[in-house]
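> coords below, sequence missing:
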Ligand SMILES: [Zn+2]
Ligand SMILES: [Zn+2]
């Protein structure tokens, strides 16, 4: 399956980021078919429209994740993968970890 | 295209280090992280052989990683420490309950004895009860002041040699910034110190002082350490929140900003003729204070007298309130006496 046929992803939130998503940490999602490849940038918009339960400004800022939220794709830092431009693959695991929540 | 590890070990990198920009694999990252904490400990001479060290444990990421890495380094480098966990239960329903469960998990996982002390035991009030009295405006003042002292009280009770806290580089940079914004020169000087020692109190050390928050979270994630994260159920500290957001925004443009701010704080020197508040001991509780009655005792007095605003705001205001209170009491005493005379 390629981006053109839609993608299945595992999206995870932790470190307190899950509080913005009804406290649900794991989301198995299917992204619809798309002419333009699915990038993280595009995924963020989709998450905002489809998963985010409250306070979008706590998650998204200036079309990216809010500074202080770490992103890992298949357990690798997205800073090594081109960040917003990373092209998602079928069955990718995308993890968002907040560093902003205290304990 | 996977990026290969900067240490040239042949593995693929899993993260980019904010401090150095290096791309490291998991194993090389663990090693770099642990070695840096070790050199912070050695460089700052934070511990001596045989020290009993209480790790201030909140169940959050920083203290969980701190407890884990101190145990590991103690074994790897034979520090000869006795590590214990000390937790403070503020008495906030739905907040500490869960995080204390995490601390208990730490106790079992790391095989360290745990002591939990509550605000109720230490001060006679839970945070829930305090909020009921004062509302949600100044509750963070109470909570913060009480927490700082609770660790001193707890450490004395456990008769430990040192208290290790999980303050990380981002926390310290944030505190430097806040003290600059408030013009608090005394705290500004103290907050970058890696070890604080003042007479009559047990030294506090910060082994994670130079460790970035991102790396702490990544370390916990890759090591699968369980920690608890939540926002306090009461109003979050708004001022600190702004400082934090500001720093995170800057960090995105220039990751070294965290270290730069800490260094700025460390390098700051204060002219000899600048008057600094002298550190004395509180006449009520005997702990270190900057005035005759420490902030915690003043806040407590306010609560116990049904005047919760006592101790909120400037010292001069507190003194004025206390003086008024005393003269009012004297007046009512003499009124009672003269009323008694008539009989
Ligand atoms: Zn490596
Ligand atoms: Zn006192």
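Here it is on my side, so go on. Values in this document were obtained by computation on a predicted structure and should not be read as measured data. Ligands and ions are numbered 1, 2, ... in the order given.

> in its sheet, what does the helix or strand that contains residue A:8 sit against?
Here residue A:8 sits within strand A:7-14, counting by DSSP states H and E. If you go by DSSP bridges, strand A:7-14 pairs up with strand A:26-31 (antiparallel), strand A:93-98 (parallel).

> what comes into contact with the last one?
Defining contact as Cβ atoms under 8 Å, 6 or more residues apart in numbering or on different chains, one finds that strand A:93-98 is touched by A:9-17, A:40, A:43, A:59, A:65, A:68-75, A:88, B:217, B:221, B:229. Bear in mind the C-beta positions are built from the backbone N, C-alpha and C, glycine included.

> can you give me the buried ones in that strand?
A:94-98 (16 or more other Cβ atoms under 10 Å in any protein chain shown).

> helices or strands up against the host helix or strand of residue B:176?
Assigned by DSSP H and E, residue B:176 belongs to helix B:169-182. For helix B:169-182, the elements it packs on are helix B:185-191, helix B:213-222, helix B:238-253, helix B:257-267, judged by 3 or more Cβ pairs under 8 Å, 6 or more residues apart in numbering or on different chains; DSSP states H and E.

> could you dump those helices to TSV with distance to residue B:328 and mean neighbour count?
TSV is the format used below for the helices and strands packed on helix B:169-182 (distance: least, Cβ to Cβ, whole Å; neighbours: other Cβ atoms under 10 Å in any protein chain shown):
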stretch	distance to residue B:328	mean neighbour count
helix B:185-191	33	17
helix B:213-222	49	23
helix B:238-253	33	16
helix B:257-267	44	17
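
> could I get the full set of strands for the stretch 1-150 of chain B?
B:15-16, B:23-24, B:52-56, B:82-89, B:114-118 (DSSP state E, counting those that start in this stretch).

> quick one, helices of the chain?
Since you didn't name a chain, this refers to chain A. A:40-50 (DSSP state H).

> look at chain B instead
B:26-43, B:61-77, B:96-110, B:119-123, B:127-134, B:139-157, B:169-182, B:185-191, B:213-222, B:238-253, B:257-267, B:295-304, B:315-341.

> run the chain-centre distance for the fifth one.
Taking the mean of its C-alpha atoms, helix B:127-134 sits 21 Å from the chain's own mean (Cα atoms, centre = their mean, to the nearest Å).

> list phi and psi for the closest residue to chain A within the stretch 51-200 of chain B.
Nearest to chain A in the stretch 51-200 of chain B, going by Cβ to the nearest Cβ, is residue B:60, at a distance of 1.6 Å. Taking degrees, to the nearest 10, you get phi -80, psi 180 for the backbone angles of residue B:60.

> can you pull out the low-pLDDT segments for chain B?
Along chain B, the model assigns pLDDT under 70 to residues B:1, B:198-200, B:230-238, B:277, B:311, B:313-315, B:329-343.

> can you list the residues of it near chain A?
B:2-3, B:12-16, B:23, B:58-64, B:99, B:102, B:170, B:213-214, B:216-218, B:221-222, B:227-232, B:244-245, B:248-249, B:251-252 (Cβ under 8 Å from any Cβ of the partner chain).

> what's near enough to touch residue B:197?
residue B:203.

> now do it against residue A:81, distance only.
With the distance defined as Cβ to Cβ, to the nearest Å, residue B:197 ends up 45 Å from residue A:81.

> and for residue 65, the neighbour number?
Since you didn't name a chain, this refers to chain A. Around residue A:65 sit 21 other residues, with neighbours defined as other Cβ atoms under 10 Å in any protein chain shown.

> wait, I meant chain B there
When neighbours are counted by other Cβ under 10 Å, residue B:65 registers 24.

> for it, what are its contacts?
By Cβ under 8 Å, 6+ apart, the residues touching residue B:65 are B:166, B:208, B:216, B:219-220, B:225, B:227.

> residue B:181 touches residue B:243, doesn't it?
Yes - if you go by Cβ atoms under 8 Å, residue B:181 and residue B:243 touch, sitting 7.2 Å apart.

> what's the closest non-adjacent residue to residue B:223?
residue B:68 (7.0 Å; Cβ to Cβ, 6 or more residues apart in numbering or on different chains).

> do the same with residue A:100
Using Cβ to Cβ, 6+ apart, the nearest residue to residue A:100 is residue A:68, at 4.3 Å.

> and that neighbour, backbone torsions?
Taking degrees, to the nearest 10 as the convention, residue A:68 sits at phi 100, psi -10.

> want to throw the strands paired with strand A:7-14 into a markdown table with mean pLDDT and distance to residue B:288?
Listed next are the strands paired with strand A:7-14 as a markdown table, based on pLDDT from 0 to 100; distance: least, Cβ to Cβ, whole Å:
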| stretch | mean pLDDT | distance to residue B:288 |
| --- | --- | --- |
| strand A:26-31 | 94 | 47 |
| strand A:93-98 | 95 | 35 |
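
> can you list these in TSV and add distance to ligand 1?
Formatted as TSV, the strands paired with strand A:7-14 follow (distance: least, Cβ to the ion, whole Å):
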stretch	distance to ligand 1
strand A:26-31	29
strand A:93-98	21
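
> fine by me, thanks again.
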